[in-house]
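predicted model follows, preceded by the sequence.
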Amino acid sequence: MTAIDLHPHAASSKSSDEIDLLELFRRLWEQRLLIALVTAAGVCLAALYAFLATPVYQIQSVLRPPLIKDLDELNRTEVYKLSTGDALKRVGSALDSYEVRLAFFRAYPALFAELAQDGITPEQTFEAFNDQALKLLVPDPKKSDANLTAYVGLQLDYPATLDGVTILNQLVDFAIQHEREKLEQDVRIIIENRLKNLALSITTSRANYEASKESRIVQLDEADRLKRALLQDELRALRTQLKTRRENRIAQLGEAIRIADALGIRKPTTPSALGQDQRSAQGNTVRTEVNNQQIPLYFMGTEALEAERKTLQQRKSDDFTEPRIGEILKELQLLENNRQIEVLKLRENEDLFLTDLAKLREEEARLRNLKVDFDTLQLVTVDQRAVEPSKPIKPKKALILALGLVLGGMLGVFIALVRGMVRGARSAQPRLPAAV
């Protein structure tokens, strides 16, 4: 039996593909010179760009936190506290600040003279330079050792026509000096504000002292007036009481005199002896009378009673009969002059009596005499300064030549293919028969 081919089309297609690929390679090989010429042209163009383009270099400067001793002079002032990390952040913010960079650009125009172009303002030139050439370098916060490797860096990409090393180093120095001046200004303003507050506190303390002194004087004077009025009231009351007591005594003596006159008692006697006759007796007789009742006043006799009444009527003052009156007069005499008020009024240097004035003046003197040498204050440690690079980062000649070779070869193959297709199309057209 004869074998039957079940896939005649597949075999035919495979054979056709092999023929087409062979034909394709044959046609490309026939145009190898064209492909080589186009590839060589691409390589030449790439070489021209690689060797004629302006080289671009890349440099960087790295800053790290300062040492603790570098900030000790500032922190010991107790006016402004600055940690090493905060100092690095301040300088980093200055390096990244558009304002600081623009100020540096304006301060050193000669360094950027090569960037000047006709029809472009200096501000536009700076915008392009700031966006394309400068880059701030900071640690990656996602890394675990970010805090252990704290740093701030500035990277600069610059053409060979610029003095990039000088630009970068001076920009870093400019930013550090800018932060020094800003820090000095902050400290000066803080000191001035504290001095104003101290002056206000001293003025307030003096005003409080004056008010308290006046209040104390008024209180003492008021207390003296009150005490004087009370003593005078007490003195008047005592004198009235003594006068009433004397008048009552005179009235009592008057009644007793009338009774004694009626009884005929002229000399002092006793009730037991009033009714007995006077008799003589042999020897001496001594009488003793014991009586717990008060003897009426008229037994004193008219002579004694009249003498006492006359004396009481002639009395001009009863003050001596009451010891308290003497004490009151003494106290009133002492109240005539309050020595404490006189001492308060005669104070000359009243600042010596202010409680907190010494501390306020001490703090004021300390703030006025604070001196910090900001010119030598190290806000950062320059870990790496920019140096001349050994080779440019652009253009990358080997890569450009390789790209020129690949692109030139691809272009040559494409041209060869197009040319082959055009030739094939022409050869496939039927030729017209020649005229007889």
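It's in.

hang on, isn't Y209 packed against E350?
Yes - counting by Cβ atoms under 8 Å, Y209 touches E350, with 6.5 Å between them. (Each C-beta comes from the backbone N, C-alpha and C, glycine too.)

low-confidence ranges in this protein?
Confidence mapping of the chain against pLDDT under 70 gives the ranges 1-19, 52-53, 144-148, 274-293, 397, 424, 426-436.

ok, Y209 and E350, which is more surrounded?
Y209 (16 against 13; other Cβ atoms under 10 Å).

overlap in contacts, Y209 and E350.
Contact criterion Cβ atoms under 8 Å, 6 or more residues apart in numbering; no residue bridges Y209 and E350 by contacting each.

now I259. Nearest residue, chain neighbours left out?
Y298 (3.9 Å; Cβ to Cβ, 6 or more residues apart in numbering).

can you tell me how far that neighbour sits from I257?
Noted for Y298: a distance of 7 Å to I257, by Cβ to Cβ, to the nearest Å.

between these two, which contacts overlap?
L305.

mind telling me what element K330 is part of?
Following DSSP states H and E, one finds K330 within helix 323-335.

then I59?
Judged by DSSP H and E, I59 forms part of strand 56-64.

just checking, what packs against the helix or strand that that strand is followed by?
Toward the C-terminus, strand 56-64 is succeeded by helix 72-75 as the next helix or strand (DSSP H and E). The contact analysis (3 or more Cβ pairs under 8 Å, 6 or more residues apart in numbering; DSSP states H and E) places helix 72-75 against no helix or strand.

who's in contact with whichever helix or strand comes after helix 72-75?
The element immediately downstream of helix 72-75 (helix or strand, assigned by DSSP H and E) is helix 84-95. Identification of contacts with helix 84-95 by Cβ under 8 Å, 6+ apart yields 63-68, 71, 82, 100, 136, 138, 150-152, 154, 171-172, 175-176, 178-179, 182-183, 379-380.

just the buried ones out of these, please.
63-66, 71, 82, 100, 150-152, 154, 171-172, 175-176, 178-179, 183, 379-380 (16 or more other Cβ atoms under 10 Å).

spatially nearest residue to K345 (excluding sequence neighbours)?
Leaving aside its chain neighbours, K345 sits nearest to I217 (7.1 Å; criterion: Cβ to Cβ, 6+ apart).

quickly note the distance from the one you found to A229.
Distance of I217 to A229, given as Cβ to Cβ: 18 Å.

L253 now?
Going from L253 to A229 by Cβ to Cβ gives 36 Å.

okay, those two: which has more neighbours?
Higher neighbour count among L253 and A229: L253, with 23 against 10, using other Cβ under 10 Å.

and the more buried one, what element?
Per DSSP H and E: L253 is located in helix 164-263.

and that helix, what does it pack against?
By 3+ Cβ pairs under 8 Å, 6+ apart, helix 164-263 packs against strand 56-64, helix 84-95, helix 98-107, strand 152-159, helix 302-314, helix 323-335, helix 339-345, helix 357-368.

I35 is nearest to which of these?
Nearest to I35 among the helices and strands packed on helix 164-263 is strand 56-64 (33.3 Å), distances taken as Cβ to Cβ.

and for that closest one, what are the contacting residues?
Strand 56-64 has contacts (Cβ under 8 Å, 6+ apart) with 88, 91-92, 137, 150-160, 164-165, 168-169, 172, 380-389, 392-395.

give me the neighbour count for the residue nearest to K345.
The burial count for I217: 16, using other Cβ under 10 Å.

next: Y298.
20.

these two touch, right, V43 and G404?
Yes - assessed by Cβ under 8 Å, V43 is found in contact with G404 at 4.7 Å.

can I get the helices and strands packed on helix 164-263 in TSV with distance to D233?
Output for the helices and strands packed on helix 164-263, formatted as TSV (distance: least, Cβ to Cβ, whole Å):
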stretch	distance to D233
strand 56-64	87
helix 84-95	74
helix 98-107	82
strand 152-159	86
helix 302-314	26
helix 323-335	10
helix 339-345	23
helix 357-368	44
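
which one of those lies nearest to L37?
strand 56-64 (31.9 Å).

that closest one: how far from the chain's middle?
36 Å (Cα atoms, centre = their mean, to the nearest Å).

go on, stretch 357-377?
Averaging C-alpha positions (Cα atoms, centre = their mean) puts stretch 357-377 17 Å from its chain's average.

which residues does that stretch contact?
70-71, 73-74, 77, 79, 180-181, 183-184, 187, 191, 194-195, 198-199, 201-202, 205-206, 351.

same check on stretch 239-258?
Identification of contacts with stretch 239-258 by Cβ under 8 Å, 6+ apart yields 296-298, 300, 302, 305-306, 308-309, 312-313, 315, 318-319, 321-322, 325.

same thing but at 10 Å, please
265, 296-313, 315, 317-322, 325, 328 (Cβ atoms under 10 Å, 6 or more residues apart in numbering).

secondary structure element holding V382?
Going by DSSP H and E, V382 is part of strand 381-384.

helices or strands up against that strand?
strand 56-64, helix 84-95, strand 152-159, helix 164-263 (3 or more Cβ pairs under 10 Å, 6 or more residues apart in numbering; DSSP states H and E).

circling back: so for G408, which of the helices and strands packed on helix 164-263 sits nearest?
strand 56-64 (24.4 Å).

got the angle for the closest one vs helix 164-263?
Angle between the axes of strand 56-64 and helix 164-263 is 30 degrees (criterion: axes from the mean of the first three to the mean of the last three Cα atoms, to 10 degrees).

using PDB, write out every CA atom in strand 56-64.
Taking C-alpha atoms only, strand 56-64 is exported to PDB below (Å, rounded to 0.1, in the frame of the first residue of the first chain):
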ATOM      1  CA  VAL A  56      28.800  67.000  32.600                       C
ATOM      2  CA  TYR A  57      30.400  66.300  36.000                       C
ATOM      3  CA  GLN A  58      28.900  65.300  39.300                       C
ATOM      4  CA  ILE A  59      30.200  66.200  42.700                       C
ATOM      5  CA  GLN A  60      28.800  66.300  46.200                       C
ATOM      6  CA  SER A  61      29.400  67.600  49.700                       C
ATOM      7  CA  VAL A  62      28.300  65.800  52.800                       C
ATOM      8  CA  LEU A  63      27.700  67.300  56.200                       C
ATOM      9  CA  ARG A  64      27.200  65.500  59.500                       C
END
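
that one vs helix 84-95, what angle?
Going by the same axes, to 10 degrees, strand 56-64 makes 150 degrees with helix 84-95.

which parts of strand 56-64 are buried?
56-64.

ok, stretch 65-85 next?
65-66, 70-71, 74, 77, 79, 82, 84.

of all those residues, which two lie farthest apart?
Of all pairs in those, the most separated under Cβ to Cβ is P65 and V79 at 21.3 Å.
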